[in-house]
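Asks: Following is a predicted model, sequence given first.
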Amino acid sequence: MKSQTTLARHRSWVVLLWLIICCSAPSAQPQKWSAQKANDWYKQQAWLVGSNYVPATAINELEMWQAETFDPQRIDLELTWAQSIGMNTMRVFLHDLLWKDPDGFKGRLNTFLTIAAKHDIRPIFVLFDSVWDPSPQLGKQRAPQPGVHNSGWMQSPGAKALADSSEYPRLEAYVKGVVGAFAHDRRVLAWDIWNEPDNTNGGSYHEAEPKNKVELILALLPKAFAWAREAGAEQPLTSGVWKGDWTEAKLGAMERLQLDQSDVISFHNYDAPTELEKRISWLVRFNRPLICTEYMARGNGSFFIGSLPVFKKYNVAAINWGLVQGKAQTHLPWDSWERPYVNREPAIWFHEVFRTDGAPYIPEEVEYIKRMTGRGKARAAGAK
């Protein structure tokens, strides 16, 4: 009887020790989605067609989201136009400095998502961006530079924050705070962790960039993906490749990192349909959903009429740059940085679908988009 009691006590201590070890061991880190999970998610989506979006009243992402200039009425109006042509997603840029007012920022994000859902639009939110001005500041944003494409867009994080590792806990709090707040929100389609991370802005702000910018981001980008996963995101994560050769033998370090970390593969392409199709062929080997998060530059040979059939053929999501002409002035070509379009119009708009008043820039183009998305046919069939 005594030996049985001793054995029972021994077993109890073993169980208790096992519980202590299990409870104190660090939990497994959230992992990248399997290809099966990514493809199962994509099968649940309609064909995704949309635009990169900033309202006409905002020169950049700070002006879009700050309390003093957030414009839900204008956003509602412009997303009405997007819905009317069958668009069902928008790619929307955020900014780390906005997290200085976390409750206000989350409230405005919720307002935006409510408006978007009203129009059957599920956005992709972009957390960081390496393109254009590396010196962002909160407060009143500068006026557009006359005749210049995207003259007021801001990087996130700015150059000083990127080069200062003591700022990284703040960036972590931003990612985990924003993603955590909407991690289970079905109104959010996906999270784009970093836009064009190794863009050094030659020809615009190159001299103001950290000399080791690419190396800094190579170290920080995996952390940003991890922060989003640790925040519990139920939506897929991505960061789009945008330059170079994407065949396996020629992948650069940044492209390899982006593709290795992404749940779904995203990419940019502003070229003619033959180049677009070639680049899609390079990416299908990953056996994951493909989302083109930037395309359509008319002056560069990238049009809706040429690109949309390619996207549909390969079941690739299509998100063009630009919905409405506005303070960002991205209807002007890239070369406006060298030759501003002052007192003259470009031969053809570079980006954007609608004029500021909602009139289509090219009516036939809008009708084509509606046909491709099924909106034109559905509207005609359902008209009363």
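Replies: Perfect, thanks for sending it. Numbers count the residues shown, from 1 in each chain.

Asks: Sort out which residues of stretch 308-319 are buried, please.
Replies: With burial defined by 16 or more other C-beta atoms under 10 Å, the residues of stretch 308-319 counted as buried are 308, 310, 311, 316, 317, 318, 319. Using the backbone N, CA and C atoms, a C-beta is placed for each residue, glycine as well.

Asks: State the mean pLDDT of stretch 186-198.
Replies: For stretch 186-198, mean pLDDT rounds to 98.

Asks: Surely residue 301 and residue 271 touch.
Replies: Yes - between residue 301 and residue 271 there is a contact at 6.4 Å, judged by C-beta atoms under 8 Å.

Asks: Looking at the two, which is more packed in?
Replies: Neighbours were tallied for residue 301 and for residue 271 using other C-beta atoms under 10 Å; the higher tally belongs to residue 271 (18 against 15).

Asks: which residues touch the residue lying closest to the more buried one once chain neighbours are set aside?
Replies: Leaving aside its sequence neighbours, residue 271 sits nearest to residue 302 (C-beta to C-beta, 6 or more residues apart in numbering; 5.8 Å). The contact partners of residue 302, by C-beta atoms under 8 Å, 6 or more residues apart in numbering, come to 269, 270, 271, 272, 276, 295, 296.

Asks: Residue 310 now?
Replies: Counting by C-beta under 8 Å, 6+ apart, residue 310 touches 273, 276, 277, 280, 316.

Asks: the strands in the protein, which residues?
Replies: Using DSSP state E, the strands of the chain run over residues 49-52, 89-93, 124-129, 190-195, 237-238, 265-268, 290-294, 317-321.

Asks: Out of these, the one nearest residue 177 is which?
Replies: strand 124-129 (10.8 Å; C-beta to C-beta).

Asks: Name the surrounding residues that touch that closest one.
Replies: Outside strand 124-129, the residues that touch it by C-beta under 8 Å, 6+ apart are 61, 89-94, 96, 153-157, 174-175, 178-179, 182, 188-197, 224, 228, 291, 293, 319.

Asks: Equivalent analysis for stretch 246-266, please.
Replies: 32-33, 37-38, 41-42, 190, 192-193, 197-198, 214, 217-218, 221-222, 225, 236-241, 244-245, 267, 279, 282-283, 285-286, 288-293.

Asks: how close does the closest residue to residue 229 other than its chain neighbours sit to residue 179?
Replies: Spatial nearest neighbour of residue 229, chain neighbours left out: residue 30 (3.7 Å); criterion: C-beta to C-beta, 6+ apart. Computed with C-beta to C-beta, to the nearest Å, the distance linking residue 30 and residue 179 is 11 Å.

Asks: Which PyMOL command selects the buried ones in the contacts of residue 302?
Replies: Command for PyMOL, covering only those of the contacts of residue 302 found buried under the criterion 16+ other C-beta under 10 Å:
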select buried, resi 269+270+271+276+295+296
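
Asks: Which ones among the contacts of residue 302 lie within helices?
Replies: Taking DSSP state H, the ones among these that sit in helices are residue 276.

Asks: Tell me the one among the contacts of residue 302 nearest to residue 331.
Replies: For the contacts of residue 302, the nearest to residue 331 is residue 296 (11.6 Å; C-beta to C-beta).

Asks: will you turn the strands of the chain into TSV that also has distance to residue 75?
Replies: Formatted as TSV, these follow (distance: least, C-beta to C-beta, whole Å):
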stretch	distance to residue 75
strand 49-52	13
strand 89-93	10
strand 124-129	14
strand 190-195	19
strand 237-238	24
strand 265-268	24
strand 290-294	20
strand 317-321	17
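
Asks: With respect to residue 345, which of these lies nearest?
Replies: strand 317-321 (18.7 Å).

Asks: the inter-axis angle of the closest one versus strand 124-129?
Replies: An angle of 50 degrees separates the directions of strand 317-321 and strand 124-129 when computed by axes from the mean of the first three to the mean of the last three C-alpha atoms, to 10 degrees.

Asks: What lies in contact with strand 317-321?
Replies: By C-beta under 8 Å, 6+ apart, strand 317-321 touches 45, 47-52, 89-91, 124, 270, 289-297, 304, 307-308, 311, 330, 351, 353.

Asks: and if you look at stretch 201-220?
Replies: Against stretch 201-220 from outside (C-beta under 8 Å, 6+ apart): 130-135, 159, 162-163, 168, 171, 194, 197-198, 200, 253-254, 257, 337-338.

Asks: my guess is residue 322 contacts residue 355, does it?
Replies: No - using C-beta under 8 Å, residue 322 makes no contact with residue 355, being 11.7 Å away.

Asks: which of those two has more neighbours?
Replies: Looking at residue 322 and residue 355 with other C-beta under 10 Å, you find the greater number of neighbours at residue 322, namely 23 against 15.

Asks: Now that one, what are its backbone angles?
Replies: The phi/psi pair for residue 322 (degrees, to the nearest 10) reads phi 100, psi 130.

Asks: how close does it get to residue 351?
Replies: For residue 322, the distance to residue 351 - C-beta to C-beta - is 3 Å.

Asks: what's the answer for residue 139, then?
Replies: Residue 139 sits 27 Å away from residue 351, going by C-beta to C-beta.

Asks: Then residue 126?
Replies: Residue 126 is 16 Å from residue 351, by C-beta to C-beta.

Asks: Neighbour count for these two, which is higher?
Replies: More crowded of residue 126 and residue 351, by other C-beta under 10 Å: residue 351, with 28 against 24.

Asks: Now do the contacts for the closest residue to residue 173 other than its chain neighbours.
Replies: Distances taken as C-beta to C-beta, 6+ apart put residue 99 closest to residue 173, at 6.7 Å, once the chain neighbours are dropped. Going by C-beta under 8 Å, 6+ apart, residue 99 touches 105, 170, 173, 174, 177, 178.
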